[in-house]
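Colleague: from the sequence below, what's the structure:
(one chain, ligands or ions: 1)
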Amino acid sequence: MNIPFLDLGAAYRELQADIDAAVARTLASGHYIGGPEVEAFENEFATYCGATHAVGVANGLDALHLALRAMDVGPGDEVIVPSNTYIATWLAVSQCGATPVPVEPDACTYNIDPARIEAAITPRTRVISPVHLYGQPADMDAILAIARKHGLRVLEDGAQAHGARYKGKRLGAHGDVVAWSFYPGKNLGAMGDGGAVTTNDVQLADRIQVLRNYGSRVKYVNEVQGYNSRLDPLQAAILRVKLAHLDEWNARRSAIAAGYRLGLTGSGLILPFVPDWAEPAWHLYVVQHPQREALQKKLTEAGIGTLIHYPIPPHLQSAYAALAYEQGSFPISENIHRDVLSLPIGPSLSLSDAEQVIQAVRSSVVALS
Ligand SMILES: *Cc1c(COP(=O)(O)O)cnc(C)c1O
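Modeller: Numbers count the residues shown, from 1 in each chain. As a prediction, the model looks like this:
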């Protein structure tokens, strides 16, 4: 058996004719920075997300960083982030000279726990930055109510959740601004780096547009000290092809997730919990087991690829040694990091492969007990 965690080449094989044509068209166009492909993708992605504006940038980290800059986050400010996330959410805050203030997740959804946010708010807090982790939407209404009450802005990290819905409405403009990554392994992935922000706030969209391009609106006139963070037109052209397939691909992910739920209930694993109001994008299918390393080893031996998202929480990374958090500072997140294992999921995984994964997981768990 050989079931990889994710087969990135499969999307190209499925759409080769369309992707080749999009690349050839872009090469022939003479537009290698900005231009019609980037603008068309921005329009199509904004429409898809139900937002009035999308601005393409170089990657997901820049999307987060420029969104915070556009909201004037800087030294002395605090931004509330999940303790359980990929480190990019924190790094974007640090890049502004501001301080990430971690809040523990709900142990069932793995997403930031709204009930714990208010205790972390100080006079320096400017932004709450929930992450829709593993493709599961965070509880936006609860977060937005707290933000409104305290006069804070909300930056969503949507890097893992393209196409997910919260209370029936696609992510893209619940908060002030949403940051997206098109890293190849994401649900909507480029063939290289890419990112975007979506927002209904015309001023934020405008500021991010200026920041991504050297702080310049008119060539050689620099209003602010900006960055070079632009979405490559070749990537935009490829993303346009893939965006048209995103819903179908997410539906395949969802079918695999439903199969896993059915096949793994009662297996002894903790399975993902999906609140009534959530329609996840199933970027990852994350289970928990007290011996996840041993389980991973058994699955590797059985030819099944798994990954750990993530082995070390941000507050225990040496990158954040200066914040002086210790083991035990964020126990809910630490427990999650200790026990999680991500099973194969993706648009190219067949349901019969998923069935093989279920059988292998069940027999491995039995062998471990
Ligand atoms: C992938 C990811 C990012 C960063 O995206 P890049 O395009 O790699 O910079 C940010 N946040 C989360 C939650 C991610 O999964």
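
Colleague: how many residues are close by Ile3?
Modeller: Neighbour count for Ile3, taken as other C-beta atoms under 10 Å: 20. (Each C-beta comes from the backbone N, C-alpha and C, glycine too.)

Colleague: nope, Gly303 is what I meant
Modeller: 12.

Colleague: got a pLDDT number for it?
Modeller: Gly303 carries a pLDDT value of 97.

Colleague: roughly how far apart are the residue in the chain that the ligand sits nearest to and Arg124?
Modeller: Closest contact between the chain and the ligand, by C-beta to the nearest ligand atom, is at Gly60 (2.4 Å). Note on Gly60: its distance to Arg124, by C-beta to C-beta, to the nearest Å, is 26 Å.

Colleague: report the contact partners of Ile358.
Modeller: Gly259, Tyr260, Gly263, Leu264 (C-beta atoms under 8 Å, 6 or more residues apart in numbering).

Colleague: of the residues you listed, closest to Gly215?
Modeller: Tyr260 (47.1 Å; C-beta to C-beta).

Colleague: from the contacts of Ile358, keep the buried residues only.
Modeller: Buried by 16 or more other C-beta atoms under 10 Å: Gly259, Tyr260, Gly263, Leu264, out of the contacts of Ile358.

Colleague: next one: stretch 268-282 to chain centre, how far?
Modeller: Computed by C-alpha atoms, centre = their mean, to the nearest Å, the chain-centroid distance of stretch 268-282 equals 16 Å.

Colleague: mind listing what's buried along it?
Modeller: Neighbour-count burial for stretch 268-282, counted by 16+ other C-beta under 10 Å, picks out Leu269, Ile270, Leu271, Pro272, Val274, Ala278, Glu279, Pro280, Ala281, Trp282.

Colleague: so which bits of the stretch 101-250 of the chain are right by the ligand?
Modeller: Residues of the stretch 101-250 of the chain lying near the ligand by C-beta under 6 Å from any ligand atom: Val131, Asp157, Ala159, Gln160, Ser181, Tyr183, Asp193, Gly195.

Colleague: which pair in those residues spans the largest distance?
Modeller: Greatest spacing in those, by C-beta to C-beta: Val131 and Asp193 (19.2 Å).

Colleague: of these two, give the one with the bigger neighbour count.
Modeller: Between Val131 and Asp193, counted using other C-beta under 10 Å, Val131 has the larger neighbour count: 27 against 18.

Colleague: what bridges to that one?
Modeller: Beta bridges link Val131 to Asp157, judged by DSSP bridges.

Colleague: then Val286?
Modeller: Ser342.

Colleague: okay if I get the buried ones among the contacts of Ile358 as TSV plus secondary structure?
Modeller: As requested, the buried ones among the contacts of Ile358 are arranged in TSV below (DSSP: H, G, I helix; E, B strand; the rest coil):
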residue	secondary structure
Gly259	helix
Tyr260	helix
Gly263	helix
Leu264	helix
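
Colleague: span of stretch 188-204 from start to end?
Modeller: End-to-end distance for stretch 188-204: 23 Å, by C-alpha to C-alpha, to the nearest Å.

Colleague: let me redo that: stretch 127-142
Modeller: 15 Å.

Colleague: stretch 193-201 now?
Modeller: Counting by C-alpha to C-alpha, you get 25 Å between the two ends of stretch 193-201.

Colleague: quick one: contacts of that stretch?
Modeller: The contact list for stretch 193-201 (C-beta under 8 Å, 6+ apart) reads 42, 45-46, 49, 51-63, 66-67, 158, 172-173, 176-183, 204-205, 208, 229, 231-232, 235-236, 239.

Colleague: what does stretch 20-27 rub up against?
Modeller: The contact list for stretch 20-27 (C-beta under 8 Å, 6+ apart) reads Glu37, Pro233, Leu234, Ala236, Ala237, Ile238, Arg240, Val241.

Colleague: widest-spaced pair of these?
Modeller: By the measure C-beta to C-beta, Pro233 and Val241 form the most distant pair in these, at 13.3 Å.

Colleague: same drill for the two, tell me which one is more crowded.
Modeller: Ranked by neighbour count (other C-beta under 10 Å), Pro233 and Val241 place Pro233 first, with 24 against 18.

Colleague: the more buried one and Glu37 touch, don't they?
Modeller: Yes - with contact defined as C-beta atoms under 8 Å, Pro233 counts as touching Glu37 (4.3 Å).
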